[in-house]
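In: Build me a model:
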Amino acid sequence: MTRAWQSTLLGLATATLMAAGVARAQEPIKIGFAIAQSGFMSAYDTPGFKAAVLKIEEINAAGGLMGRKIEYSVSDTKTEREQSAKQADANRARFGRTKSERALDDKRASRANDLLDQHRIDGEDAS
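Out: Residues are numbered from 1 along each chain as shown. Here you go, the predicted structure:
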């Protein structure tokens, strides 16, 4: 490959990555709050939520987090465990699993593979 082609391909790859980065920078960061807005726990959940919203507004006013605005939604758990679980599931469906949930799944998968390796008979394929 000639130097001209290498330079052209490198330039195209760089431009593509930069365009992808700009497009990604435009996507907002989404946060879901499942808090008790009613019931006896609202006295405990509301102040922290209000502080988080103030910080989100401050970050957004300063241009966002790494150029990305932060959007949030809030749902009332009504100080009920069942409602808390439902709201957590709804947030998970809307925003995906949390980083800690993904890490736990990866750890479980790694542990399962280790167990399979320990119990494999010589020459047997693990899959």
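In: ranges for the helices of the chain?
Out: 3-26, 42-61, 81-95, 99-119 (DSSP state H).
In: Correct me if wrong: residue 60 contacts residue 70.
Out: Yes. Counting by Cβ atoms under 8 Å, residue 60 does reach residue 70; the two are 5.8 Å apart. Bear in mind the C-beta positions are built from the backbone N, C-alpha and C, glycine included.
In: what's the distance between the nearest residue to residue 84 once chain neighbours are set aside and residue 103?
Out: Among residues not flanking residue 84 along the chain, residue 77 sits closest, at 4.3 Å (Cβ to Cβ, 6 or more residues apart in numbering). Applying Cβ to Cβ, to the nearest Å, the value for residue 77 to residue 103 is 25 Å.
In: burial of residue 36, as a residue count?
Out: Residues near residue 36, counting by other Cβ atoms under 10 Å, number 20.
In: Could I get the contacting residues of it?
Out: 42, 44-46, 76-79 (Cβ atoms under 8 Å, 6 or more residues apart in numbering).
In: residue ranges with poor pLDDT in this structure?
Out: 1-25, 98-100, 120-127 (pLDDT under 70).
In: And this structure, what are its domain boundaries?
Out: Domains of the chain are assigned by automatic domain parsing as 19-96, 97-127.
In: so what's the closest residue to residue 76 other than its chain neighbours up against?
Out: The shortest distance from residue 76 to any non-neighbouring residue, by Cβ to Cβ, 6+ apart, is to residue 37 (4.1 Å). Residues in contact with residue 37, defined by Cβ under 8 Å, 6+ apart, are 45-46, 74, 76-78.
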